[in-house]
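J.: for reference, the sequence and a predicted model appear below.
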Amino acid sequence: MNLDDIDLDAVQNEIQGDGFLDEVREEYMPNSNTMSEEAINKWEDENYEITPDSVEENADHLLHSLLKREQDLYNHYQSQVYSQALVYFLKNHYDVGQTALSSFEDDDDDMEYADYPTLQSIFTSIEEDYESTDGFVSTFEKILPKLYPMMDSISVSAQQSRRIRAGSSLQSHLLNLFDRANFSVENVISAGNGHIYKVKKKNEPDDVETVNVYISCLTTMRDRFRQTLSDTSEVLSEENQRRFIATASGTTLITASAADDVTIKKVREVTEEGFTLIVFEEVKDKQFSEIEGVISYKDFFGDRLPEILDTDR
């Protein structure tokens, strides 16, 4: 088997999406909620207990620190996932699993596998190269090119996973700060690119109704943010709906290229559609100190959210 003989699309399909990489993540990678809990617990162990007062006064610093800590955790777990991916396949799938019906109909001794047939054939070819007597250099000259399509698909999946995780990570940490700030989130409902949070203050009587607050967590303010603005979901059109876009844009916390993502033009688009943009305090103070419709996380937890709950009672 040569590199030209490998079906690159088949390799991608068997690794990404519903492919075996999902199994590897399940083995080595905790979900975003688990990692955010791990991050906040470690932060409190090393610093101080996060209270309603500390969230009200220091929400931006806390959120920044928690996101950075989780990013470090994610990088640790991710290195296990992607460095061990092909080892996992070799141990758990190669030369085992459900065999294709055609295997029993052929006269030769080659087995065809219904599970991951393309990857099975690549590893079979690599094993044949390994068992040859050509020596180290000539053997690996044959083997290494065959690993490339698999490593490329794994690398692309890693990049996609980082982008997806970043948004869910921001949401998880916001929920943790809701809890530490003495707000109870009774339910979270997916809506468009964001979620409806049914919020009330903790320790309020059971008959006190929750207030709907919509938050779309976007780590960057590239074109995808317009999908949030264009969402026509009925639940978002309620007159009393409070709409926010929370982002890490304007900083290099998530990606180096996101520092310049927030512009006056984008802020106008956000506010004209009835949304308020939540950014880190340093971004608010440096770029939008006099701009209406842009608030910091401190503003959100200390002023805006309590005001919403009091006004809608």
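T.: Okay, I see it.
J.: residue boundaries of the helices in the stretch 1-150 of the chain?
T.: Here the stretch 1-150 of the chain has its helices, by DSSP state H, counting those that start in this stretch, at 8-15, 21-28, 32-46, 52-92, 102-105, 117-130, 136-180.
J.: ok, of the ones you listed, where does mean pLDDT dip lowest?
T.: Of all these, the minimum mean pLDDT falls on helix 102-105 (a mean of 44).
J.: one step back: for the helices of the stretch 1-150 of the chain, which one sits closest to residue 301?
T.: Closest of the helices of the stretch 1-150 of the chain to residue 301 is helix 52-92, at 4.7 Å (criterion: CB to CB). The C-beta positions use only the backbone N, C-alpha and C, and glycine is treated the same way.
J.: give the other helices and strands that the closest one contacts.
T.: helix 21-28, helix 32-46, helix 117-130, helix 136-180, helix 297-299 (3 or more CB pairs under 8 Å, 6 or more residues apart in numbering; DSSP states H and E).
J.: what's the angle between it and helix 32-46?
T.: Interaxial angle of helix 52-92 relative to helix 32-46 (axes from the mean of the first three to the mean of the last three CA atoms, to 10 degrees): 130 degrees.
J.: how far off helix 8-15 does helix 52-92 point, in degrees?
T.: Using the same axes, to 10 degrees: helix 52-92 against helix 8-15 is 120 degrees.
J.: could you identify which of the helices and strands packed on helix 52-92 is most buried?
T.: Scoring these by mean neighbour count under mean count of other CB atoms under 10 Å gives helix 297-299 as the most buried, with a mean of 21.
J.: identify all contacting residues around that helix.
T.: Helix 297-299 is touched from outside by 56-60, 63, 177, 246, 278, 280-281, 284, with contacts defined as CB atoms under 8 Å, 6 or more residues apart in numbering.
J.: any idea how far the helix or strand just after it is from the chain center?
T.: Counting by DSSP states H and E, the next helix or strand C-terminal to helix 297-299 is helix 305-311. When distances are taken as CA atoms, centre = their mean, to the nearest Å, helix 305-311 is centred 30 Å away from the chain's centroid.
J.: what is the burial count for residue 92?
T.: Using other CB atoms under 10 Å, residue 92 is surrounded by 13 other residues.
J.: ok, now which ones touch it?
T.: By CB under 8 Å, 6+ apart, the neighbours of residue 92 are residue 23.
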